[in-house]
Structures are given as C-alpha cells and as structure tokens.
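Undergrad: structural data only, the sequence is not supplied:
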C-alpha cells in the first residue's frame, strides 16, 4: 500500500498516512486527485480505479471516504477487507464511530492505524489481539499522564504550601 | 472504552480538552480568513509553549500542531519538538513525538537523523509498547542511512522477542529491505525460522518478508523454494480448520494470511515445475472449497486464480481457474465482475480458447451501468474477436457503439476498424461496417479512416454501384459527419455515372436526376457545417461529374467559376484550375478526370487519399507548359505501361521538357521560346524512317538519329491521307526508367488532309545506362469527328539501336 486517505464528502482531509516518501507538494497533488476522482464517482460504481500506475481502492462509510493506493500486484478485494477491518477497529474503540470522533480524536485514529498497518502491510490479523494492544497502550498513556499530572499537581500544592 | 479524554482525575486541567477546544474553534470559523486568523494565533501560542521549559503540555501542543498541519498549514517549526518529545521518558510524550515524526519528518529532512539514536534506545526499551513505537516509526519513514544503522537491532528482535515485537520487526525489516536491498541477506536466516511460528501475526509478517526477499534476490528465491511444502501445510491448515473466532472473516479463516501465502507461492512456483507440482493439489483444494459469497472468500479465490495462471500448473487446474473467473463474471457484485475482467484480460492471449467460452457473458457486460466495467468489457471483447465470431461479435460492438460513453468512443471505433480489417468475411460486410460506424460515431474516428475507406472502396470493384448508392442515401440524410461526407463526395464524384444509371444489383437503386446529385454536392459546398477539407472533396467531386453526366455540364461550369473567387485559398486554387480545365484544356478533361485505378495500400498516394488523388488528377496550369501530363488511363493500360517500365507502381514520369500541351492557341512568344530551344540542335542527314502506326488514314513514321554515345534524337512524323483534316493531335511517349526523355514541341496539331502537310515532333533520348531501348507512344487525335486514341509500342529503332 502506498497511501491511505480519509476524506469527507466535501473533500476535507481527515487522515493521511503515507507509506512511501513523497514530497510535500506531491502529497497535496495526490490528495487533490484522489478526492476529485473518488467524489466524482457515481453511487453504484465499482470500488476500483486506475490512477497512473497504481490501483486505487475506495469505500464510503457513512460520510467518510476511505481511499488507498496499491501496487499492481496487490489484491484489490483484500484491500477492501483491510479498509473494512480498520473501520471495525475504529468502531470498537469509539463505539459507533462517526466522522466527528475522527475529527476530534485524530491522534487516536492514527494510533489505531499504526497498530494495524506497518509500512503499508497488515501487522495483525486478529481483531481481538489488536483491540487488546490498543487498550493496553492507552492504559499506559493514562498511567503516564496521570503520573505526570499528579507530579505537577503535587508540585503546585507544595509551592503553595511552602 | 474511553473516548480519548484525559482521566477524570485531572479534570478541567486536562490539556486534551484544549486540543479539542481548538479544533472546535477552528471548525467554527465561518470563512477561510477567520480560520487563518485562529490558526495563526494558535501557532503563535504553540511556538511560545515550545520555547518554554517542560510543563507537561508539550505533547498536546504538538498534537494541536499536527491537526493544523493536516488542514494544510505549514508546521515545520514543530520538527525539533518531535525530536525532543521522542527523547522524553514519558510514554504519552513519546507517542505523540513519534506520530509527529511520521507526519512532519521524512527521510529528506535533516532532523530525521537526529531521532536515530532515540529509536535505537527505544528498540531495546523495557516496555514493548515503546519498542513498538520505534519499530513503527522506523518502518514508516526510516531513511536508508537509518536503516543501515539499525538493521542489526531489527535482526536481533526478529530472533528473540515476543510475538508482539516479532511481527512488527518483520514488517520493519520489509521496509529496510525496500530501502537497502543488500541488507536482505541479513534477514534471510531469521525469516526462514519464523515460518514455524504459530502466531498468525508473526506468520503473516514472515510471509511478507520472505516475499520481499525472494522478489529482490534470485538466490534467496531458490533457497525458499524448499519451503514450499511447509507453506502448503500452513495453507492447508487454514483452509481445512474449523471455525476460529479469532481469525474468522465471513467464514474464511484469516483471509489476509491466506492471500499472502498464495502470493508467495506464486513467486516460488513461477517457471519452476517442481515447485508448481508441489502446490498443485493445494490450489485445487482452495479453488473448490472456498466460499466466495462474501468479499473475503472472493479475495482468496482471486489470488488463487492469479497464482494458478502464473505458475506451471496442469491444464485441468487452469481450466478450473478460468471457470472461476467465468463465474465471477456472473456475480452480482460489480467489484468482482471488474477484477474478473482484468484477470481475463491478462490471460486472453495465452489461454484464448478458455476465455472464448465466456464470450457471451463478457459481451453482456458491455451493457453494464458502470463505466469501468464497460471499459474492461470492451477491451476483452476486442481481444476475443476472431474469424469465427466476427459477424456476431461485430453486431454487439456496433450496438455498444450507439450507446457507449463518449470517452470510450474513439477507442471503440478504432478497435472495430482493426477487427474489421483483420477478419472481414466479405468486402461488402467490411464496407457496410465502416459505413455504420461513420454514421453512428463519425466524429470519433481517426484521420486515416477516410483514405482507408476510399482505398477499400476502390478495391471492391463489383460493389462500386452498391457503395455509391449507400453513400448517396447517407449524404442526403445527414451532412454533419465530416468523414462520412468526404467519402460520400469522393464516391459520387468517382462513380456518379453508376448512380445516375438507376439500376443496381445489390440494393434498391435510387432514381435521381443529374440535378439532384449536383444539388447534394452543392449543399455540402455551401453548408456551414462542412469543413474546408470536406468542401474541397465536394468541389472536386462536382468537377469529376462533368465527364460523367451529359446534360448539366454548364451548371458545373458555373459552380466551378463561382468558387474561383472563394475566400478559402485551397478552394479558390482548385476552382481556378478546374476552370482552366474547362477553358483551355477541355480536350484533356476526359482523360484527366477518368476513373481512378485501384489504389495500392502501400503506395505513397494512399496515405493521404484526397490530396494525392487530387494531385494525380489535378494539373497545375502554371506547369502545363513544362510538363507532359500523363493522366492515369484505364487500369489495364496503366498496368501495361508499368510493365514496360519494369513494373514500378509510380505514375508515368512526366517529361520535363516543353511538351505537347503547347497545342491550340499558342502565343507567339511561347512559340518563340520553343523555337529557341530547338535552335540548339545539330541537324544531321536524314536517316531511314519506319512506319510505326497506320490507322484511319493517319500514318506515323519514326526516324532515329544517333547523336552521341548515349543520346538519340527521334523524329515522329504524322501524315494524313483522309479527305478531312485531322485535328487535336497529341503525341505522348514513355520510356524505361533509366532513360531520359525530352519531347520538343510539335510543329502543330492539325494534319492537313490529302497528305498535303505533316506534323513533326522531335524526341530527345538519353540512355546513360545503355539499357535496351523501348518506347511507347500514345497518339490521340480527332478524325472525321471521332476522337481516336491508340498506343504503339516500339521495340526496335531503325538505325543504330543499342
């Protein structure tokens, strides 16, 4: 997989993950091209497109378009399954995920994606294992943050006291 | 599950709320300008925060910056902050720092090198989640240098760590190998042993890594061929296993892993019989047992088919695979129909017969709603055309053309023409098909279509009548399609006499008068829809009709003279020339406008039918005094002359000299010029002469006189023994190619009756190659009100011949 993009019906980018090094200007162009192409598709078209030498696979979930760019040898039908798996993970995490969840918690969406895909390839094929490791990372974050907050709260109290 | 907010413990102090608050404010901006203002303020605040010492809010500030970056605003000042956060001992800061690195840093930034050390440390961190961050970042944006630095670390992790880390290390290694292929050798041993892992994540990573290694290194590929049985076993386990809740997707056990194993098997079995044999049974099993009612199963079947077609599988298996694709064609899911056609396209050359069996379904897909599916169906249908199915398939293609989307029309027309050219069962069918395409989609055909069609029409000699009738009917219906109109005009000009005859075997003849035909051509000439080229066609056609009709020549004359003052330069030139043809060179008009011979496809005149056809026919009056114009006579005569000249396909060489066309009213100055030229010749004693032609009282004698070693002067003398003058005498000559011919002006063109006078004409020959000299002379004259034309071959010359 070369890239994964999430954008809204109005073409607003909600997430972008690049698995190959692409210059900034090129990224912007690709995003523009993808949004134009995908948003221009008729409602009951097939989910596959050709763009330059890449296969583009996209799927609409509610108000969000999930779009990825594949090499010629990659399996498009499987890519649809990959996109679907990602949506399932988001759904499990946020509970009935909607676009707003992804907007306001974009960093979480990235963390989940980074647990699922690495270098454009699937890391883990079991939903349960993935959910568990995401939870565990979050717990670690809470603990760390809690600890640092506790420290800063305590330091404030001490500074007041002293 | 938390919604990502900080824990209740910190309450209102949680900076994460501030992040979400910022997002809310930005989204609330009503204009682009307002949004820019908000973002500028926020960025300023963030920059200030970055400069301050650690106050526990760094990660959230960076997160804010990353959001701003995603909106498209510059965020490079956050790069150093990423580096700092990655080095932080706190997990939450590391997490955001690494995310920032992946979003803001790429291998081209210098700052990316600065995190190499942090990554190195974190790869050995006690917490696997920290290790995971490092692995993920390295595998996402690691530069070649970073990869080289850290590869040994990754190899270590591949061997000795828990599954969670191993699977990530494997994919990180994939990235390293893509960046620095030589490092592949480092990972080969470890990846081999990973195949015996039970954990699906690790197994998946291992298969991906091995695939990458084998694709890049043929030796490694050779090594891993030995692993085929092991892979087959793993695959069998997945396919035959019962329901596994952990990996089940729509009834398929771990489709992700299955597909990757199949892909690896494909690479290993390619061009290798042993390996292919070893996987044959497995592939058959997967192909038959996989339930394809959902996408997951179809994905596995698809990959299986690709593998079967790419390795050296036995024919039964190949047929099974093609049948799967055929079944896919009938699937309700459009995606599956689409990928079925892309796969069939790949194998249509190699497994042509197998794909032919599904032609019916493929042709049905031409009617699909989806544009991508239509395009694929078109490609496949064109690839499946053969001599056997050409008639039925062409019907479908023509039907498709009438309703196909505009972006596919040009491709369709050219595909149809290619297919028709290769497999046309009859000339009539071929012409009909091309005409059908022109009527339906004439605006989308290539430029060469017009000359190609004209060439085809000339070769179908028995169908001239039929063709001109069809085209006439098409022309009076619609004159908007330029290509069709051009061909129609050409045909009417050429075969108009057949049209007017009012009888036709192949189709219902039209009953038209000459005026009707001229009306049609004039309509084209005057219509604003006609392009300049089309009008040129129409004008030339009108002119040609002047020798094919009997009553309305004056009408043609007037049309032609009107266009003599046309604004379009090309039309004007043509009209002026045609006018000249009427006035000064009327006696040549019939010869010039004769029926064209069959155009040879490879001849230079063919590539641009109209203008070449025009140049063969048209004379340029300015050059008339210099050239002998030898018009294309009836086909058989031309061929004979060409035989004489060594069978060349070129038209007869025009003689560069002053010529026979200085006939009729020759101005005295022109005559003076001619005489000047003649003055240069030596006069020799009269050599013997021979009679070469005698008919209708007209006698033509030939005298030869050798002047130089390679040059000869011939004098042709014409006498008349009838009781009326012979008028309009023209003599033309042709010689073998290497011989140069120069015809001097004749002394006149009227031979007085009763032998009272004669006409002489001198011919200079130059024979540098000393070839066997032959000459053909064409005589043309009017005697007793009959126009006579004859050709004489002279094989031997009276005195010194070579």
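TA: Here it is on my side, so go on. The shown structure was predicted, so the numbers you read here are calculated from the model rather than taken from an experiment.
Undergrad: find the nearest non-adjacent residue to the residue of chain A found nearest chain B, please.
TA: Residue of chain A nearest chain B, by Cβ to the nearest Cβ: residue A:77 (3.6 Å). (C-beta placed from N, C-alpha, C; glycine too.) Nearest residue to residue A:77 in three dimensions, chain neighbours excluded: residue B:299, at 3.6 Å (Cβ to Cβ, 6 or more residues apart in numbering or on different chains).
Undergrad: run a quick neighbour tally on the one you found.
TA: By other Cβ atoms under 10 Å in any protein chain shown, the residues close to residue B:299 number 29.
Undergrad: residue B:713 versus residue B:738, what's the distance?
TA: 18 Å (Cβ to Cβ, to the nearest Å).
Undergrad: looking at those two, which is more packed in?
TA: Neighbours per residue, other Cβ under 10 Å: of residue B:738 and residue B:713, the larger number sits with residue B:713, 21 against 13.
Undergrad: and the host helix or strand of that one, what does it pack onto?
TA: Assessed by DSSP states H and E, residue B:713 sits inside strand B:711-720. Judged by 3 or more Cβ pairs under 8 Å, 6 or more residues apart in numbering or on different chains; DSSP states H and E, strand B:711-720 is in contact with strand B:698-706, strand B:727-734, strand B:758-766, strand B:775-783.
Undergrad: ok, the residue nearest to residue A:77 - contacts?
TA: By Cβ atoms under 8 Å, 6 or more residues apart in numbering or on different chains, the residues touching residue B:299 are A:75, A:77-78, A:80-81, B:255, B:259.
Undergrad: and it, helix, strand or coil?
TA: Secondary structure assignment for residue B:299 (DSSP: H, G, I helix; E, B strand; the rest coil): helix.
Undergrad: right, and residue B:461 touches residue B:596 too?
TA: No - using Cβ atoms under 8 Å, residue B:461 makes no contact with residue B:596, being 11.4 Å away.
Undergrad: neighbour count: the two, which is higher?
TA: With neighbours defined as other Cβ under 10 Å, residue B:461 and residue B:596 compare such that residue B:596 has more, 18 against 10.
Undergrad: next, that one: phi, psi?
TA: Per-residue torsions, residue B:596: phi -80, psi 150 (degrees, to the nearest 10).
Undergrad: how about the helices of chain A, start to end?
TA: Using DSSP state H, the helices of chain A run over residues A:24-39, A:76-94, A:99-104, A:106-116, A:127-161.
Undergrad: now those helices in TSV, with mean neighbour count and distance to residue B:447?
TA: TSV is the format used below for the helices of chain A (neighbours: other Cβ atoms under 10 Å in any protein chain shown; distance: least, Cβ to Cβ, whole Å):
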stretch	mean neighbour count	distance to residue B:447
helix A:24-39	15	31
helix A:76-94	21	38
helix A:99-104	18	51
helix A:106-116	21	52
helix A:127-161	15	59
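Undergrad: a markdown table for those, including mean pLDDT?
TA: A markdown table is the format used below for the helices of chain A (pLDDT from 0 to 100):
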| stretch | mean pLDDT |
| --- | --- |
| helix A:24-39 | 93 |
| helix A:76-94 | 95 |
| helix A:99-104 | 93 |
| helix A:106-116 | 95 |
| helix A:127-161 | 79 |
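Undergrad: export those helices as TSV, with columns for distance to residue B:509.
TA: What follows is the helices of chain A, written out as TSV (distance: least, Cβ to Cβ, whole Å):
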stretch	distance to residue B:509
helix A:24-39	54
helix A:76-94	58
helix A:99-104	71
helix A:106-116	75
helix A:127-161	77
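Undergrad: mind listing what the strand holding residue B:713 pairs with, with the direction of each?
TA: Strands that pair with strand B:711-720, judged by DSSP bridges, come out as strand B:698-706 (antiparallel), strand B:758-766 (antiparallel).
Undergrad: same list (the ones you listed) but as JSON lines, adding mean pLDDT, distance to residue B:28 and mean neighbour count.
TA: Output for the strands paired with strand B:711-720, formatted as JSON lines (pLDDT from 0 to 100; distance: least, Cβ to Cβ, whole Å; neighbours: other Cβ atoms under 10 Å in any protein chain shown):
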{"stretch": "strand B:698-706", "mean pLDDT": "82", "distance to residue B:28": "105", "mean neighbour count": "20"}
{"stretch": "strand B:758-766", "mean pLDDT": "86", "distance to residue B:28": "96", "mean neighbour count": "19"}
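Undergrad: for residue B:574, find the nearest of those strands.
TA: Minimum separation from residue B:574 across those (Cβ to Cβ) falls at strand B:758-766, 31.6 Å.
Undergrad: what angle separates that closest one from strand B:727-734?
TA: 20 degrees (axes from the mean of the first three to the mean of the last three Cα atoms, to 10 degrees).
Undergrad: count of neighbours near residue B:195?
TA: Residue B:195 has 17 neighbours, counted by other Cβ under 10 Å.
Undergrad: test my guess that it contacts residue B:208.
TA: No - Residue B:195 is beyond contact range of residue B:208, at 12.0 Å (criterion: Cβ under 8 Å).
Undergrad: thinking again about what came up before, now do the contacts for the residue of chain A closest to chain B.
TA: B:295, B:298-299, B:302, B:335-336, B:339.
Undergrad: against residue B:256, how distant is it?
TA: Distance, residue A:77 to residue B:256, by Cβ to Cβ: 11 Å.
Undergrad: which neighbours do the two share?
TA: Counting by Cβ under 8 Å, 6+ apart, nothing touches both residue A:77 and residue B:256.
Undergrad: now the strands for the stretch 101-250 of chain B?
TA: Applying DSSP state E, counting those that start in this stretch to the stretch 101-250 of chain B gives strands spanning B:248-249.
Undergrad: spell out which parts of it neighbour chain A.
TA: B:102, B:106-108, B:127, B:129, B:132, B:135-136, B:139-141, B:164, B:167-168, B:171-172, B:174-175, B:178, B:200-201, B:204-205, B:208, B:246-247, B:249 (Cβ under 8 Å from any Cβ of the partner chain).
Undergrad: and if we set it to 7 Å?
TA: Contact residues (Cβ under 7 Å from any Cβ of the partner chain) of the stretch 101-250 of chain B with chain A: B:106-107, B:129, B:136, B:139-140, B:164, B:167-168, B:171-172, B:174-175, B:200-201, B:204-205, B:208, B:246-247, B:249.
Undergrad: ChimeraX command to pick out the buried ones of those residues?
TA: Remark: buried members of those, expressed as a ChimeraX selection using 16 or more other Cβ atoms under 10 Å in any protein chain shown:
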select /B:106,129,136,139,140,164,167,168,171,172,174,175,200,201,204,205,208,247,249
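Undergrad: inside helices: which ones of the residues of the stretch 101-250 of chain B next to chain A?
TA: Among those, the residues falling in helices (DSSP H) are B:129, B:136, B:139-140, B:164, B:167-168, B:171-172, B:174-175, B:200-201, B:204-205, B:208.
Undergrad: so where's the stretch 101-250 of chain B shaky on pLDDT?
TA: In the predicted model of the stretch 101-250 of chain B, no residue satisfies pLDDT under 70.
Undergrad: sounds good, over and out.
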